[in-house]
Structures are given as C-alpha cells and as structure tokens.
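**Student:** Structure for this input, please:
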Amino acid sequence: MTATPHAPSPQKGRSVAAWCAALLQPVAAVSSVLVLPDPSLTQTLLTAVTMALLAPLMRRNPLAALVLGLLSLAATATQEVPSWTLAVLLVGCDMMIVYIGAVRRRRFALGAGTLAFAAQLACSFSLMTDLIPWGNVLLPYFMSQITGLLLGQMIRERRAHEEAIRQQAAAQAVTAERLSIARELHDVIAHSVGVIAIQAGMGRRVIDTQPEQARNALAAIEASSRETLFGLRRTLVALRRSDADAADAAAALSPLGPAPGLAEIDKLLASAGDAGVAAELRWHGERGPLPPEVDLAAFRIVQEALTNVVRHAGVERCLVTIDRSSDDEVVVTVADPGRGGVVSGTGFGILGMEERVGLLGGRFRAGPGRDGGFQVEARLPVPGAVVAP
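**Tutor:** Prediction:
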C-alpha cells in the first residue's frame with residue numbers, strides 16, 4: 001500500500017513566501033536605483049515599495065528581516081542615490097526596531113537596536129566627507145534608535161496592560177457568575193430544606209399519636225421537595241445553556257416555566273405557614289408586572305427572609321410588606337417580633353440578599369426593627385420608571 005504524501009500546510013507555504021519576498025528585497029531595492037539612476041520621486045517611491053517586501057517576514061523572524069533591511073541599506077548606499085532614497089531605507093529600519101521593541105523582550109530589542117545603529121553608522125562613514133562633523137551623524141542615529149526602542153517598549157507595556165485588564169475582567173466575570181450561581185442555589189434550596197426539616201421533625205414527633213398531622217407533614221415535605229427539584233432543574237438548564245443558545249433562552253426554559261416573581265408570593269407564605277410561621281402580607285400600590293431581574297430579586301429576598309424567620313426567629317408570625325406606591329422603586333420588608341436573621345456569622349442568606357440588592361443599585365438593611373424584633377428591608381429601583389419632576 002502506497003502512502004499518500006502529506007499536503008503542505010498553509011502555514012509552511014506562507015513562511016516560504018515570506019522568506020522569498022524578504023530575500024528578494026535587497027535585490028529589488030538596488031535594482032530600483034539602477035533602473036532609475038537620476039534622482040526622482042519615482043525612485044524614492046519604488047524604494048519604499050521594496051521595503052514592504054520585508055513585512056511578512058517581520059512577524060515570523062524580526063531579526064532576519066532587520067538584517068536584510070540593513071543589507072539593502074548598505075547596498076543602496078554604495079550607489080549614487082539622493083538623500084530621500086536613503087532616508088526611506090533608514091526610516092524603514094527604524095520602524096523595524098519599533099516593531100521588535102513591541103513584540104520581543106527588552107534585551108533582544110536592545111541588541112537589535114545596537115546592530116541597526118552600528119550598520120547605519122558604518123554606511124554613513126562611507127559617505128562622510130571632512131565637511132560633515134561626526135557629531136552631526138552620531139547623534140541623529142543614536143536618538144532614532146533610542147526613540148524606536150522606547151516607542152516599542154511603550155507599545156509592549158500598553159499591550160501587556162490591556163491584556164492584564166482583559167484577564168482581570170474575565171476573572172471578575174467568572175467570580176460574579178459563581179456568586180450568582182451560589183445565590184440562586186442557596187435561595188432555591190435553603191427555603192425548601194428548612195421547611196422540610198421542620199415538617200420532618202414535627203411528623204416524627206406526632207406519627208404515633210396524631211397520624212393525620214404526620215400525614216399532612218409528609219404532604220408538605222413532598223410539595224417542598226418537588227418545588228426544590230423544579231427550581232434546581234430550571235437553574236441547571238440555564239447553566240448548561242451555551243452562549244450560542246442565548247437567542248433560544250425562552251424555548252429552552254419553556255417546559256420549566258418562567259423564573260419566579262412576586263406573583264407567586266402566596267406560595268412562599270403558604271410554605272412558611274406549613275413550617276409553623278403565619279406570614280401576613282400587606283401590599284401597597286399596584287400589582288402590575290416588574291422587570292424580570294427586579295421581580296426575581298424581590299421574590300428571592302422575601303423567600304430568604306421568611307427562611308430566616310422560620311429557622312432563627314422562634315416566633316409564630318411575621319409581616320411581609322410589598323410597597324409599590326412609588327413608580328421608581330419597589331420596597332420589600334419582612335419583619336418579625338423575634339430574633340430574626342443573624343447579621344454576622346457564617347450564614348450566606350443576608351449576604352446573598354445584600355448582593356442581590358447591590359447588583360440592582362438598591363439599598364438594603366437587615367437589623368433590629370423599629371418596634372423590636374428583626375426587620376429586613378430592600379429598596380429595589382425599577383429601571384425605566386418615569387420619575388415625576
């Protein structure tokens with residue numbers, strides 16, 4: 001069986017073409033001078049065009065391109081050419097130094113600059129006369145190399161700074177996404193698991209003496225478990241959805257339903273009631289729709305605050321207030337006469353609520369209430385609301 005020869009890769013073909021063009025450049029530069037021996041603008045422009053032959057090689061081997069450019073300068077300097085033609089070649093070599101300073105390490109760029117300075121100086125010595133002081137040649141060449149190296153280094157540092165900013169932004173985006181996932185999972189699980197734990201404890205205590213209440217506790221556990229699985233599934237589907245499927249977000253979530261909002265607040269109150277806390281709702285203002293992010297944040301804040309009441313307050317009642325009397329914000333308040341949540345500690349509930357409010361640009365407070373007990377208050381701005389002058 002005869003082996004099939006491998007086709008040449010496009011990268012190798014481009015490299016060969018770059019080297020061929022670069023090796024042709026010194027010949028083309030000298031030929032342009034010989035074809036047009038008289039000083040003219042055409043000669044200068046043709047020399048500038050030949051310098052472009054070195055551009056493809058600069059990206060692959062900057063030092064080789066610089067050496068070929070210096071050879072072109074030396075070969076052209078041996079001919080009787082106008083100063084403008086030599087100036088084009090000098091500027092081309094200086095631009096190579098800028099590029100090398102921008103893409104290579106400082107030591108490599110310094111060596112390339114020294115090589116270019118020595119080559120340019122040698123070409124100038126061959127053309128100098130006694131009427132031209134050495135200082136008039138040394139200083140301009142020295143300053144051009146230093147300027148090229150500094151400019152290249154500035155470009156390199158700027159690119160490094162921009163890359164660091166991009167990496168920092170990417171890391172911040174990942175951190176923000178992780179916090180968002182942590183908040184969502186905490187809010188989905190903590191409330192239902194708290195209710196399940198309380199109902200399971202109550203059912204265990206009364207299963208022998210009050211089987212009907214034990215049956216009700218099991219029913220509440222089943223309902224809370226299903227709700228938790230539903231929320232987890234919706235969250236996992238949203239996390240698995242790639243950016244390419246973002247346009248089909250509604251279709252991806254359609255079998256699971258929309259994200260929860262204040263329209264489902266009665267379920268939270270009923271769940272708290274099943275856990276032994278009678279939650280009273282007071283609603284001020286209209287019950288119209290809210291922006292999805294505000295609606296979800298308000299729901300999660302009520303959910304987490306009720307979870308804290310059930311788990312930590314040690315009371316049998318609490319008050320939930322939704323104030324939408326203002327057009328530019330919605331105020332969510334959950335107050336209880338007991339101990340309520342814990343502001344400092346190892347829990348993440350209050351921290352998660354504060355983060356949710358902060359991301360929306362609102363204000364959050366959790367602490368002792370005006371009449372004792374504990375109170376959670378969140379003021380969530382409504383984007384696009386028309387504020388009265």
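
**Student:** hey, where'd the helices end up in this protein?
**Tutor:** For the chain, helices defined by DSSP state H occupy the ranges 10-35, 41-51, 55-60, 62-77, 83-103, 106-127, 135-206, 211-240, 249-253, 265-274, 292-308, 349-359.

**Student:** looking at these, which is closest to Glu329?
**Tutor:** Smallest distance to Glu329 across those (C-beta to C-beta): 9.1 Å, for helix 292-308. In short, each C-beta sits where N, CA and C put it, glycine included.

**Student:** hang on, the earlier thing: out of the helices of the chain, which is the most enclosed?
**Tutor:** helix 292-308 (a mean of 23; mean count of other C-beta atoms under 10 Å).

**Student:** among the helices of the chain, where is the model least confident on average?
**Tutor:** Lowest mean pLDDT within these: helix 249-253, a mean of 40.

**Student:** among the helices of the chain, which is nearest Arg365?
**Tutor:** Nearest of these (C-beta to C-beta): helix 349-359, 9.2 Å.

**Student:** Would you mind measuring from the closest residue to Arg106 other than its chain neighbours to Asp94?
**Tutor:** Computed as C-beta to C-beta, 6 or more residues apart in numbering, the closest residue to Arg106 that is not its neighbour in sequence is Gln153, at 6.7 Å. Gln153 sits 14 Å away from Asp94, going by C-beta to C-beta, to the nearest Å.

**Student:** Same check on Leu66?
**Tutor:** From Leu66 to Asp94 the distance is 10 Å (C-beta to C-beta).

**Student:** list residues touching both of the two?
**Tutor:** Ala116 (C-beta atoms under 8 Å, 6 or more residues apart in numbering).

**Student:** any idea of the mean pLDDT for stretch 363-375?
**Tutor:** For stretch 363-375, mean pLDDT is 85.

**Student:** residues making contact with that stretch?
**Tutor:** For stretch 363-375, contacts defined as C-beta under 8 Å, 6+ apart pick out 308-309, 313, 315, 333-341, 343, 350, 353-354, 357-358, 376-379.

**Student:** Can you say which of those are buried?
**Tutor:** Buried subset of the contacts of stretch 363-375 (neighbour count, 16 or more other C-beta atoms under 10 Å): 308-309, 313, 315, 333-338, 340-341, 350, 353-354, 357, 376-379.

**Student:** Neighbours of Trp283, how many?
**Tutor:** Other residues near Trp283 come to 14 when the count uses other C-beta atoms under 10 Å.

**Student:** hang on, the residue nearest to Arg106 packs against Phe108?
**Tutor:** No. Counting by C-beta atoms under 8 Å, Phe108 is not a contact partner of Gln153; they are 11.7 Å apart.

**Student:** From the centroid of this protein, which residue is nearest?
**Tutor:** For the chain, the residue nearest the mean C-alpha position is Ala170 (3.3 Å; C-alpha atoms, centre = their mean).

**Student:** quick one: contacts for Val174?
**Tutor:** Counting by C-beta under 8 Å, 6+ apart, Val174 touches no other residue.

**Student:** What separation is there between it and Met202?
**Tutor:** Taking C-beta to C-beta, one finds Val174 at 42 Å from Met202.

**Student:** Run through the residues that contact the closest residue to Leu269 other than its chain neighbours.
**Tutor:** Take Leu269 and drop its neighbours on the chain: the residue closest to it by C-beta to C-beta, 6+ apart is Ala279, 4.4 Å away. Going by C-beta under 8 Å, 6+ apart, Ala279 touches Leu268, Leu269, Ala272, Gly273, Leu306, Val309, Arg317, Cys318, Leu319, Val320.
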